[in-house]
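Chemist: Model the following, please.
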Amino acid sequence: MNSADVREAITRAHREEWARLVAFLTRRLGDLDIAEEAAAEAFATAVERWPVDGVPPNPGAWLTTTANRKAIDRLRRESKRGDKHKEAQLSYDDDPPGPADAIDDERLRLIFTCCHPALAMETRVALTLRMVAGLTVPEIARAFLVQESAMGRRITRAKDKIKTARIPYRVPPAEELPGRVSGVLAVLFLVFNEGYLATGPGTDPVRHDLTAEAIRLTRLIRALMPEDGEVAGLLALMLLTEARRTARVSGGELVPLGEQDRGAWDAALIAEGHRLVRERLASGQAPGRYQILAAINAVHTSARDVRCTDWSQVVALYDQLLRLDPSPIVALNRAIAVAELDGPEVALAVVDRLGGKLAGYHAYHATRADLLRRLGRSHESRAAYDEAIELAGNTAETAYLTRRRDQLG
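Modeler: You can find the predicted model right below:
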């Protein structure tokens, strides 16, 4: 096996095994810090050993055994952790963790632990993205539009609080689920978004492993809380977005919604997503954020082509969403719909007012670039494309933006 194959095997193992491994070690050792450190050391050892020894027949079991040993070694070096040392020794073995259903339970336990109401909402989400989804600190920082160093400190403080408060590693009883589910949904939404449009320059532009896992976990939460409208809304949103996955990248370049081959969309996922949206509308309950986003996607996926899109309905839904979530990103997305309804000049005036809050966000500059292009202001459009290209991390999106910039007169 050549070095490229080994690197690919290690990358694949990291994507597939990180969260499972951290969850397994956390349950076994009761310490989030040691679990993460041991998992990281196991992967570092894989980087060192696998190119020499070859990829083991069962990479997951190899990583589990290595991480377990690393954790025990670390506990032995810390005499103040004597009780944990004894407990870990009693439970130590060389066998990998149990079947898939046990692994699922481990992951669910860790999700709800990290989303404990004792932690601030943003902290819950950031910690869970790191420990459960295995996203890197830079990826999480980009999702929150903050500096990497600030996000690193936030995650460290969260782990310290879990340790100090002795928060148990368990799935909470049914009566505690409503107090935690909003954080869990926020985590799953951001995990899905990272898969839908990966922000890391060294990753695939679309990470199906993350979108599929986010959908699987959302289905699991829906089974636990079938009456929760926001759980159903998030699942519908994910399904309607995932349905377009195969049409989103062509020739290494991102394909925007208006240019996608709608015949390549997954009709079964769209039908399921539409059914969930209709069920929520029929409930008569006031919709939450995810239900409105799902409804917006239902409008898009109902249109035979982009010219048939009911843009007035899309704008009305964004108006409703802004009342619930008056964030600049929601305002930016609304402006994109306004451009189709009222023209690019009206939309540009809205977008320009968001510059102070979104100056570091590539999609802000990409939206300005497109609106300026449509208005024939090529010089300004080129400058905005340059800003967007510099900030974008997704390779397919960068390729698309570069082509559009180079097409300017």
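Chemist: Contacts for stretch 144-156, please.
Modeler: Applying Cβ atoms under 8 Å, 6 or more residues apart in numbering, the contact partners of stretch 144-156 are Glu122, Thr123, Ala126, Leu127, Arg130, Val137, Pro138, Ile140, Ala141, Leu358, Gly360, Tyr361. The way it works is simple: take the backbone N, C-alpha and C, and place the C-beta from them, glycine included.
Chemist: I'd assumed Ile215 was in a strand, is it?
Modeler: No: judged by DSSP: H, G, I helix; E, B strand; the rest coil, Ile215 forms no part of a strand; its state is helix.
Chemist: That one touches Thr241, doesn't it?
Modeler: No: counting by Cβ atoms under 8 Å, Ile215 sits too far from Thr241 to count as a contact (9.7 Å).
Chemist: who touches both of those two?
Modeler: Residues within reach of Ile215 and of Thr241 at once, by Cβ under 8 Å, 6+ apart, are Phe192.
Chemist: ok, for Val47, nearest residue in space, not its chain neighbours?
Modeler: Distance criterion Cβ to Cβ, 6 or more residues apart in numbering; nearest residue to Val47, sequence neighbours excluded, is Ile10 at 6.1 Å.
Chemist: Check Arg157 too.
Modeler: Nearest residue to Arg157, sequence neighbours excluded (Cβ to Cβ, 6+ apart): Thr123, at 7.1 Å.
Chemist: what number of residues lie near the one you found?
Modeler: 20 (other Cβ atoms under 10 Å).
Chemist: Correct me if wrong: it contacts Lys159.
Modeler: No: contact criterion Cβ under 8 Å: Thr123 and Lys159 do not qualify, at 9.9 Å.
Chemist: what residue ranges in the stretch 301-409 of the chain are flagged as low confidence?
Modeler: Low-confidence segments of the stretch 301-409 of the chain (pLDDT under 70): none present.
Chemist: now do 90
Modeler: Within the stretch 301-409 of the chain, the ranges that satisfy pLDDT under 90 run 393-394, 409.
Chemist: Helices of that one, start to end?
Modeler: Using DSSP state H, counting those that start in this stretch, the helices of the stretch 301-409 of the chain run over 311-324, 328-342, 344-352, 355-358, 362-374, 378-391, 395-406.
Chemist: Just send the ones you listed back as TSV, with mean neighbour count and distance to Ala165 too.
Modeler: Shown next, in TSV, are these (neighbours: other Cβ atoms under 10 Å; distance: least, Cβ to Cβ, whole Å):
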stretch	mean neighbour count	distance to Ala165
helix 311-324	17	31
helix 328-342	19	32
helix 344-352	18	43
helix 355-358	14	34
helix 362-374	22	37
helix 378-391	18	38
helix 395-406	19	41
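Chemist: Nearest residue to the middle of the chain?
Modeler: A centroid search over the chain (Cα atoms, centre = their mean) returns Val191, at 1.7 Å, as the residue closest to the centre.
Chemist: I'd like to check which residues are in contact with that residue.
Modeler: Contacts for Val191 were tallied using Cβ under 8 Å, 6+ apart; they are Leu129, Ala133, Leu135, Leu210, Glu213, Ala214.
Chemist: Least confident of those residues?
Modeler: pLDDT across those is lowest for Ala133, at 64.
Chemist: nearest residue to Ile292 other than its sequence neighbours?
Modeler: Nearest non-adjacent residue to Ile292, counting by Cβ to Cβ, 6+ apart: Leu321, 4.6 Å away.
Chemist: My read is that that neighbour contacts Val330, right?
Modeler: Yes: with contact defined as Cβ under 8 Å, Leu321 counts as touching Val330 (5.6 Å).
Chemist: Now the phi/psi pair for the residue nearest to Tyr400 when sequence neighbours are not counted, please.
Modeler: Take Tyr400 and drop its neighbours on the chain: the residue closest to it by Cβ to Cβ, 6+ apart is Leu254, 4.2 Å away. Main-chain dihedrals, Leu254, degrees, to the nearest 10: phi -70, psi 140.
Chemist: what helix or strand does Pro178 sit in?
Modeler: Per DSSP states H and E, Pro178 falls inside helix 177-196.
Chemist: quick one: the residue nearest to the centre of the chain from Glu345, how far?
Modeler: Separation of Val191 from Glu345 (Cβ to Cβ, to the nearest Å): 37 Å.
Chemist: which among the contacts of Val191 gets closest to Leu21?
Modeler: Checking those against Leu21 by Cβ to Cβ gives Ala133 as the nearest, at 12.9 Å.
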